[in-house]
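Peer 1: Next comes the sequence, and after it the predicted model I'd like to discuss.
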Amino acid sequence: MPSQASKRFEIFDNPNSERDYTIHIRIPEFTCLCPKTGQPDFATLFLDYVPDKLCIELKSLKNYIWSYRNEGAFHEAVTNQILNDLVQACMPRFMRLRAEFNVRGGIYTIVTCEHFAPGWTPPRPVHLP
């Protein structure tokens, strides 16, 4: 069955929920429409998260991202909406979404937003010699 754009996520149980670890996802083909001109906006999304009990299934993430292709949205709004939807779907310990939009009129836009679960403390960084 062919893939379809969808606002629904599939999730699965985190196979190592006893440990903090980071999932890094690069999404180089995000598109939406400029709400002022209707012209396409292109971005690469960088999603980093520390799962708690649930993880996001990647095909459903792809279909979710695809669902924005014909929607008008300001960069700031769409980045925060995507983060909100992802947090609601999997309730991670931590999640960061960075959207690097392609140049438009000589201006590059990068929007970064974050979520911290209540009570979660990031582990201390390890500095190796």
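Peer 2: Great, that's in hand. Numbering: from 1, shown residues only.
Peer 1: from here on, contacts and neighbour counts on C-alpha atoms
Peer 2: OK.
Peer 1: what's next to the longest helix belonging to the chain, contact-wise?
Peer 2: What stands out as the longest helix in the chain, according to DSSP state H, is helix 75-90. Under the criterion Cα atoms under 8 Å, 6 or more residues apart in numbering, residues 9, 11, 51-56, 95-99, 101, 109, 111-115 lie in contact with helix 75-90.
Peer 1: Please enumerate the strands of the chain.
Peer 2: Shown for the chain, the strands assigned by DSSP state E span residues 11-13, 23-33, 40-50, 54-56, 94-104, 107-116.
Peer 1: can those go into CSV with extra columns for distance to P125 and mean pLDDT?
Peer 2: Listed next are these as CSV, based on distance: least, Cα to Cα, whole Å; pLDDT from 0 to 100:
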stretch, distance to P125, mean pLDDT
strand 11-13, 26, 98
strand 23-33, 16, 97
strand 40-50, 14, 97
strand 54-56, 23, 98
strand 94-104, 15, 96
strand 107-116, 17, 96
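Peer 1: any chance of those in JSON lines, plus mean neighbour count?
Peer 2: Converted to JSON lines, the strands of the chain look like this (neighbours: other Cα atoms under 10 Å):
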{"stretch": "strand 11-13", "mean neighbour count": "13"}
{"stretch": "strand 23-33", "mean neighbour count": "15"}
{"stretch": "strand 40-50", "mean neighbour count": "19"}
{"stretch": "strand 54-56", "mean neighbour count": "20"}
{"stretch": "strand 94-104", "mean neighbour count": "18"}
{"stretch": "strand 107-116", "mean neighbour count": "14"}
